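Undergrad: Let's see this in three dimensions:
(chains A and B)
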Amino acid sequence: GQNIDQPTEMTATEGAIVQINCTYQTSGFNGLFWYQQHAGEAPTFLSYNVLDGLEEKGRFSSFLSRSKGYSYLLLKELQMKDSASYLCASRSAGNMLTFGGGTRLMVKP
Amino acid sequence: DSGVTQTPKHLITATGQRVTLRCSPRSGDLSVYWYQQSLDQGLQFLIQYYNGEERAKGNILERFSAQQFPDLHSELNLSSLELGDSALYFCASSASNSPLHFGNGTRLTVT
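TA: Sure thing, here's the model as predicted:
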């Protein structure tokens, strides 16, 4: 089975750093993905972790601990355009992706 | 642009009707996925195809069906539509063990 939990909403200030946490329980775990979705638009791929540790990609980093079933997405130097929903998704065998409910991030001036 | 094409962008229809949503995957991607996203809800997995064969099934209603054709495009058929079927329907495609890339979705409104 699959179960993914992430906070529903977060608020942060422009220029700051925010960490969005995600916990998962996935049979046949085969990777953890983060997507960004602006309201009414398609999700866009941000990052992917299959091994433990930190993956850095510009202002965005993602961390994975497989033993704890835990990941986080770190956003640095927040910009107003970062206001969006951030979706955590775990992949199981067969390349099937199951999404959490998403974290709605509001960036304030 | 993800390279995944979905048509139509918008669809308005009445309860009890049937509609077909179409998806063309990125060039070279063999896997196609369908997701449903109701207002302010998460993405709910419906069904996955790989090279024409059904690979995985989520909480897809019996009124819904899908197929993937030899040219790898896919269609999602929704029948006996109900008000609660109003949602954004996303198609995504991927190569093996690669991230999913999403189309822009079809917004279905059932009145």
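Undergrad: tell me how far stretch B:61-73 is from the chain's mean position?
TA: Computed by Cα atoms, centre = their mean, to the nearest Å, the chain-centroid distance of stretch B:61-73 equals 8 Å.
Undergrad: most centrally placed residue in chain B?
TA: The geometric centre of chain B, computed from its C-alpha atoms, lies nearest to residue B:34 (Cα atoms, centre = their mean), at 3.5 Å.
Undergrad: so which helix or strand takes in it?
TA: Under the assignment given by DSSP states H and E, the secondary-structure element containing residue B:34 is strand B:31-37.
Undergrad: if we can go back for a sec, please name the bridge partners of the residue nearest to the centre of chain B.
TA: Under the criterion DSSP bridges, residue B:34 forms beta bridges with residue B:47, residue B:91.
Undergrad: and it, what does it touch?
TA: Residue B:34 makes contact with B:23, B:45-48, B:66, B:74, B:76, B:89-91 under the criterion Cβ atoms under 8 Å, 6 or more residues apart in numbering or on different chains. All C-beta spots, glycine's among them, are computed from the backbone N, C-alpha and C.
Undergrad: Let's see that with 10 Å instead.
TA: The contact partners of residue B:34, taken as Cβ atoms under 10 Å, 6 or more residues apart in numbering or on different chains, are B:21, B:23, B:44-49, B:58, B:60, B:64, B:66, B:74-76, B:89-92.
Undergrad: Looking at stretch A:37-57 now, give me its mean pLDDT.
TA: Confidence over stretch A:37-57 (mean pLDDT, whole number) is 94.
Undergrad: mind checking the end-to-end distance for that stretch?
TA: Taking Cα to Cα, to the nearest Å as the measure, stretch A:37-57 stretches 18 Å from start to finish.
Undergrad: buried sites along it?
TA: Residues of stretch A:37-57 classed as buried: A:37, A:42-43, A:45-49, A:55 (neighbour count, 16 or more other Cβ atoms under 10 Å in any protein chain shown).
Undergrad: Let me know the closest of these to residue B:102.
TA: Proximity of these to residue B:102, judged by Cβ to Cβ, is greatest for residue A:42, which lies at 4.2 Å.
Undergrad: Show the backbone phi and psi for the residue nearest to the closest one when sequence neighbours are not counted.
TA: If the residues on either side of it in the chain are set aside, residue A:42 comes closest to residue B:102, at 4.2 Å by Cβ to Cβ, 6 or more residues apart in numbering or on different chains. Note on residue B:102: backbone dihedrals following degrees, to the nearest 10 are phi -100, psi 150.
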